[in-house]
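*Asks:* any chance you can model this:
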Amino acid sequence: MTDDTSTDDASTDDSPSDEKRAVVLLSGGMDSATTAFEAKERGYEIYALHTSYGQKTESTEYECARALADELDARDFLHIETSHLKQIGASSLTDDSMAVEDADMDADEIPTSYVPFRNANLLSMAVSYAEANDCETVFVGAHSEDYSGYPDCRPEFFEAFEAMVEVGTKPDTHISLDVPFVHDSKTDIARRGLELGVPFEHTWSCYRAEEPACGTCDSCAFRLQAFQNLGERDPIPYAERPDYVDAA
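*Replies:* Residues are numbered from 1 along each chain as shown. You can find the predicted model right below:
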């Protein structure tokens, strides 16, 4: 697994043999959007994969992912709809019997928004898509504040999954997982996104509502905090904008 944020020179040869192709798991959130623009900056042709799995804000997330793919001039955009994670339930993102909790940024336990083993499901789709299209890399937008609560965002999970991909694909297939911000914070991602010109107005992070964003769930809190730490205004609409800025 690679996790550096260095920028390679983009290919100047348009011949197919020199073209670099990557699948990006494009959820429509600010982390995956910044990851996609990072991949583009490194010279990859983008194959964007978006999934709707019954999450409460799936319509808005799809609209954002579609808009981002257009901004990236993606080579392809694949939308997969699946209901099995919602049928399995046990997450406040997909289970109608569970409410999305207010943010608790100091909590140590796994939050109710954890979707059981979701990233293994999404990565399996992404690797299939990559192998079918001769893509050499799958980019994922996880970061350090994800794996403090979600076990399937930890660096060791991605390393183990990459080893499984090597065993489970054709002998001439070699697909790496690139998680460029896995050791970074949400604030680091916002900073890099601003440098790359990511259109954050076309991203969505709220777990609870389609529009406006609630401003009080975990995802809204970390997102607002990232922008507030940088002295920037998050361009999406919020029902309320509490102050989450880090203590200096």
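
*Asks:* contacts only, for the residue nearest the centre of the chain.
*Replies:* The centre of the chain sits closest to Ser32, judged by C-alpha atoms, centre = their mean, with a distance of 3.2 Å. Residues near Ser32 by C-beta atoms under 8 Å, 6 or more residues apart in numbering: Val24, Leu25, Leu26, Val140, Gly141. No exception for glycine: its C-beta is placed from N, CA and C like everyone else's.

*Asks:* and those, which two are furthest apart?
*Replies:* Spanning the widest gap among these are Leu26 and Val140, at 10.4 Å by C-beta to C-beta.

*Asks:* in terms of neighbours, single out the busier of the two.
*Replies:* Using other C-beta atoms under 10 Å, the more surrounded residue of Leu26 and Val140 is Leu26, with 29 against 26.

*Asks:* how near is the closest residue in space to the more buried one that isn't next to it in sequence to Ser27?
*Replies:* Computed as C-beta to C-beta, 6 or more residues apart in numbering, the closest residue to Leu26 that is not its neighbour in sequence is Ala48, at 4.4 Å. Per C-beta to C-beta, to the nearest Å, Ala48 is found 10 Å from Ser27.

*Asks:* partners of the lengthiest strand in the chain, with directions?
*Replies:* When the chain is parsed with DSSP state E, its longest strand is strand 44-52. Strand 44-52 sits in its sheet next to strand 20-25 (parallel), strand 76-81 (parallel), going by DSSP bridges.

*Asks:* how far does stretch 176-188 stretch from one end to the other?
*Replies:* Stretch 176-188 has an end-to-end distance of 23 Å (C-alpha to C-alpha, to the nearest Å).

*Asks:* if you could redo that for stretch 205-213, that was the one I meant.
*Replies:* Start to finish, the residues bounding stretch 205-213 are 8 Å apart (C-alpha to C-alpha).

*Asks:* please point out which parts of it sit buried.
*Replies:* Across stretch 205-213, burial judged by 16 or more other C-beta atoms under 10 Å covers Ser205, Cys206, Tyr207, Arg208, Ala209, Ala213.

*Asks:* and for that stretch, what are the contacting residues?
*Replies:* With C-beta under 8 Å, 6+ apart as the test, stretch 205-213 has contacts from 29-30, 55-57, 59-60, 92-93, 100, 113, 204, 214-220, 223, 236-239.

*Asks:* again, only this time at 6 Å
*Replies:* 29-30, 57, 60, 93, 100, 113, 214, 217, 219-220, 223, 236-239 (C-beta atoms under 6 Å, 6 or more residues apart in numbering).
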